[in-house]
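Enquirer: Quick one, fold the following:
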Amino acid sequence: MADTKKTVKETAEKVAADAKEAVAETKKAVKKAADTTAKKATAAKKTAKAATAKAKTAAKTTASKAKTTAKKAVEDKAVVYVQYGDKEVVAKDVLEAAKADFKANPETKGTVRSIKVYIKPEDNAAYYVVNDKFEGKIDL
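Expert: Here you go, the predicted structure:
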């Protein structure tokens, strides 16, 4: 009977030790799960902030494009005519022709940052100045 008591006691001690170890492992697992959840929550907050910022930027861009489109629509409806004698020219066409002449000229380099066009009906021509440097003439 002493052997049985000893075996029961040893078994009880082993079960208690195993239970204690299982509790420690469970605590570690719970802590790890809590840490992981906290990290995921932080990541979710960052993602939400980024998405909000992206949405605001997209809204601003869309509003800006809409404003530009509306402005362009008004500009497209405006037409300036220059009439002299029996001739008539559209100012926008003269402007585009001046830009095309500038770009077609082998002496010119760069882009048109500014352009001034002077329509001179008595010469049947338009004179232009691009980027305050290059001067040219187109016949009307």
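Enquirer: which non-adjacent residue is nearest Ile115?
Expert: Val130 (5.1 Å; Cβ to Cβ, 6 or more residues apart in numbering). C-betas here are computed from N, CA, C, even on glycine.
Enquirer: can you pull the contacts of that neighbour?
Expert: Val130 sits next to Ala98, Lys99, Phe102, Thr108, Val112, Ser114, Ile115, Gly136 when contact means Cβ atoms under 8 Å, 6 or more residues apart in numbering.
Enquirer: if you set the cut-off to 6 Å instead, what comes out?
Expert: Phe102, Val112, Ile115 (Cβ atoms under 6 Å, 6 or more residues apart in numbering).
Enquirer: neighbours of the last one, just the number please.
Expert: The burial count assigned to Ile115 is 16, neighbours taken as other Cβ atoms under 10 Å.
Enquirer: now the strands: where do they sit in the protein?
Expert: Here the chain has its strands, by DSSP state E, at 81-84, 87-90, 115-120, 125-130, 134-139.
Enquirer: got JSON lines for these, with distance to Ala70 and mean pLDDT too?
Expert: Below are the strands of the chain laid out as JSON lines (distance: least, Cβ to Cβ, whole Å; pLDDT from 0 to 100):
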{"stretch": "strand 81-84", "distance to Ala70": "24", "mean pLDDT": "88"}
{"stretch": "strand 87-90", "distance to Ala70": "23", "mean pLDDT": "90"}
{"stretch": "strand 115-120", "distance to Ala70": "25", "mean pLDDT": "93"}
{"stretch": "strand 125-130", "distance to Ala70": "29", "mean pLDDT": "94"}
{"stretch": "strand 134-139", "distance to Ala70": "32", "mean pLDDT": "91"}
